[in-house]
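Novice: Give me coordinates for this.
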Amino acid sequence: MEKQQFKTIDDYIATFPPEIQLRLETIRRLIHEAAPGAVEKISYQMPTFFQQGNLIHFAAFKNHIGLYPAPSGIETFENKLAKYKHAKGSLQFPHNKPLPLDLIREITEFRVSEKQAEKKK
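Specialist: As a prediction, the model looks like this:
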């Protein structure tokens with residue numbers, strides 16, 4: 001079976017059940033608010049926001065939504081991530097728990113400021 005190729009974030013989100021679509025759309029809206037200059041695209045077959053490079057990715061899986069804010073986005077918020085499964089550049093938000101919207105916003109805003117600082121160098 002050939003792996004599905006997505007052209008837009010809408011295409012990606014449409015492949016999930018309604019309750020997961022709602023969670024994905026919530027993250028999408030929040031990232032738009034926190035990074036108004038970012039552009040949507042598909043990268044690595046995941047919804048991605050791009051602003052002077054990849055800013056943040058997110059994706060749905062069977063039991064969680066993954067957020068990929070680059071290693072710096074994890075390291076900077078390490079003290080707030082104890083209750084979430086995470087690795088060097090990824091976070092997992094279980095479907096059976098509320099999304100940590102304030103944390104996602106804070107991480108996104110950090111990544112925007114980080115990208116702006118990189119641009120000034």
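Novice: Could you list the low-pLDDT ranges of the chain?
Specialist: 1-3, 121 (pLDDT under 70).
Novice: what residue lies at the spatial centre of it?
Specialist: By C-alpha atoms, centre = their mean, the chain has its centre lying nearest to residue 58, at 3.3 Å.
Novice: Phi, psi for that residue please.
Specialist: Here is the backbone geometry of residue 58 (degrees, to the nearest 10): phi -150, psi 160.
Novice: Tell me what it is bridged to.
Specialist: Note on residue 58: beta-bridge partners by DSSP bridges are residue 67.
Novice: Pull the residues that contact stretch 24-41.
Specialist: Outside stretch 24-41, the residues within contact range by C-beta atoms under 8 Å, 6 or more residues apart in numbering are 8-9, 12-13, 16, 47-51, 55-56, 58, 60, 65, 67, 99, 101, 104-105, 108-109, 111-112. To be clear about C-beta, it is placed using only N, CA and C from the backbone, and glycine gets the same treatment.
Novice: how about 6 Å then?
Specialist: By C-beta atoms under 6 Å, 6 or more residues apart in numbering, the surrounding residues in contact with stretch 24-41 are 9, 13, 48-51, 55, 58, 60, 101, 104-105, 108-109, 112.
Novice: Please identify which of those is nearest to residue 82.
Specialist: residue 104 (16.1 Å; C-beta to C-beta).
Novice: returning to what we had before: and the residue nearest to the centre of the chain, how far from residue 117?
Specialist: Separation of residue 58 from residue 117 (C-beta to C-beta, to the nearest Å): 23 Å.
Novice: what ranges do the helices span in this structure?
Specialist: Taking DSSP state H as the criterion, the chain carries its helices at 9-13, 18-34, 70-75, 101-120.
Novice: rewinding a little: hmm, residue 73 and the residue nearest to the centre of the chain touching each other?
Specialist: No. Between residue 58 and residue 73 there is no contact, the gap being 11.9 Å when judged by C-beta atoms under 6 Å.
Novice: quick one: terminal-to-terminal distance for stretch 29-39?
Specialist: Start and end residues of stretch 29-39 are separated by 12 Å (C-alpha to C-alpha, to the nearest Å).
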